[in-house]
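Enquirer: build me a structure from this.
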Amino acid sequence: MSEAAPGNLPLRLENCSIERALGVVGEKWTFLVLREAFSGVRRFADMQAATGAPRQVLSARLARLVEEGLLRKVPYREPGQRQRDEYRLTQMGLDLYPTLVALMQWGDRYLSDHEGPPTLLTHRGCGAPIEQHFRCAEGHEVSGPREVTALPGPGMRLSPPALASPGPAGSAGG
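Expert: Presented below is the predicted three-dimensional model:
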């Protein structure tokens, strides 16, 4: 989101929540790790088998998710083996579930094979398919972005965009 500054220069939102969130989860392997965690996969070897992630990549993603507070390590020991860690979702991680479901449903709608979606989510209590809806605090259903108004929040910080500095004379810049 940007706004016009005096003199028609656009302002940059310094503390955009979307940008910050993508800094934590905005990468393919991270979403696949979270997908598996939501499915109950907790151990490194099982996560690697389910995602196909290279060992170093998976190790780095798990460490980052622990560091950011989305997963926590819980030690376990198989009989006769050394202690290892399994990874469990924290509340912060669990709160991403609607985001993953929305991504999955978008993929189902636009990218599924002709046979249909590979996974169906149903309510454990009754078996009905899961649907996501937006509602305002008054309970009105919101059908899409044309029914939403973005207003400045109490923490909004705007700054002018960085202006490109000219390079040495005769340089192509870029």
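
Enquirer: buried stuff in stretch 95-103?
Expert: By 16 or more other CB atoms under 10 Å, the buried positions in stretch 95-103 come out as Leu96. C-beta: built from backbone N, CA, C; applies to glycine.

Enquirer: then stretch 109-119?
Expert: Going by 16+ other CB under 10 Å, stretch 109-119 has no buried residues at all.

Enquirer: please apply the same query to stretch 18-27.
Expert: Buried positions in stretch 18-27, judged by neighbour count with 16+ other CB under 10 Å: Val24, Val25.

Enquirer: kindly report the same for stretch 73-90.
Expert: Applying 16+ other CB under 10 Å to stretch 73-90 flags Asp85, Glu86, Tyr87, Leu89 as buried.

Enquirer: how about whichever strand or helix holds Ala45: buried residues?
Expert: Take DSSP states H and E as the rule and Ala45 turns out to sit in helix 44-51. Neighbour counts over helix 44-51 (16+ other CB under 10 Å) mark Phe44, Met47, Gln48, Thr51 as buried.

Enquirer: and Leu34, how far from Arg109?
Expert: 20 Å (CB to CB, to the nearest Å).

Enquirer: circling back: out of the buried residues of helix 44-51, who's nearest Thr30?
Expert: Of all those, Thr51 has the smallest distance to Thr30: 10.2 Å, by CB to CB.

Enquirer: correct me, but that closest one touches Thr30?
Expert: No - counting by CB atoms under 8 Å, Thr51 stays clear of Thr30, with 10.2 Å between them.

Enquirer: one step back: redo the buried residues of helix 44-51 as JSON lines? Include pLDDT and distance to Val74.
Expert: Shown next, in JSON lines, are the buried residues of helix 44-51 (pLDDT from 0 to 100; distance: CB to CB, whole Å):
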{"residue": "Phe44", "pLDDT": "97", "distance to Val74": "12"}
{"residue": "Met47", "pLDDT": "97", "distance to Val74": "14"}
{"residue": "Gln48", "pLDDT": "97", "distance to Val74": "18"}
{"residue": "Thr51", "pLDDT": "96", "distance to Val74": "20"}
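
Enquirer: in CSV, list those residues along with distance to Glu138.
Expert: Shown next, in CSV, are those (distance: CB to CB, whole Å):
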residue, distance to Glu138
Phe44, 46
Met47, 42
Gln48, 46
Thr51, 41
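
Enquirer: which one of those is nearest Gln132?
Expert: Thr51 (24.1 Å).
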